[in-house]
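Visitor: no sequence on this one, just coordinates:
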């Protein structure tokens, strides 16, 4: 992949892929009927948060790709796969317990990416810190939804 096309490609993958998965997954009545914890955020918050995070994730992926750091690249791709898998598992399969396993793996993969890229591509690691915080919160929310229902 050429350097000229790489950044738009990474952003298209993350923002476009995230948007496609977000629109393809039907949240519907099943989710609405679940008992929610007191810290459940309003629905309108998810779009802006994930839109911002996907830009950061794409930019970090591009920067790590430029370094040629294979372990960080593998962790980046692994977190993308887990990220994109979570919504269909939680909402479509209606499997919050299995989704909790997936999001825990995602959380660990994000942490691994940050640790692996910190000394080689620090900006990429820093760009992942808001993502780590949001996924930690989402993990707590997923666990609470599984526990309550």
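Guide: Here it is on my side, so go on. Everything numeric in this text was worked out from a predicted model, so none of it was measured.

Visitor: Distance check, the residue nearest to residue 115 when sequence neighbours are not counted against residue 51.
Guide: Take residue 115 and drop its neighbours on the chain: the residue closest to it by C-beta to C-beta, 6 or more residues apart in numbering is residue 125, 7.8 Å away. All C-beta spots, glycine's among them, are computed from the backbone N, C-alpha and C. Between residue 125 and residue 51 the computed distance is 21 Å (C-beta to C-beta, to the nearest Å).

Visitor: who's more crowded, the two?
Guide: Between residue 125 and residue 51, counted using other C-beta atoms under 10 Å, residue 125 has the larger neighbour count: 21 against 14.

Visitor: I'd say the residue nearest to residue 115 and residue 117 touch.
Guide: Yes - between residue 125 and residue 117 there is a contact at 4.6 Å, judged by C-beta atoms under 8 Å.

Visitor: residues shared between the contacts of the two?
Guide: Counting by C-beta atoms under 8 Å, 6 or more residues apart in numbering, the shared contacts of residue 125 and residue 117 are residue 60.
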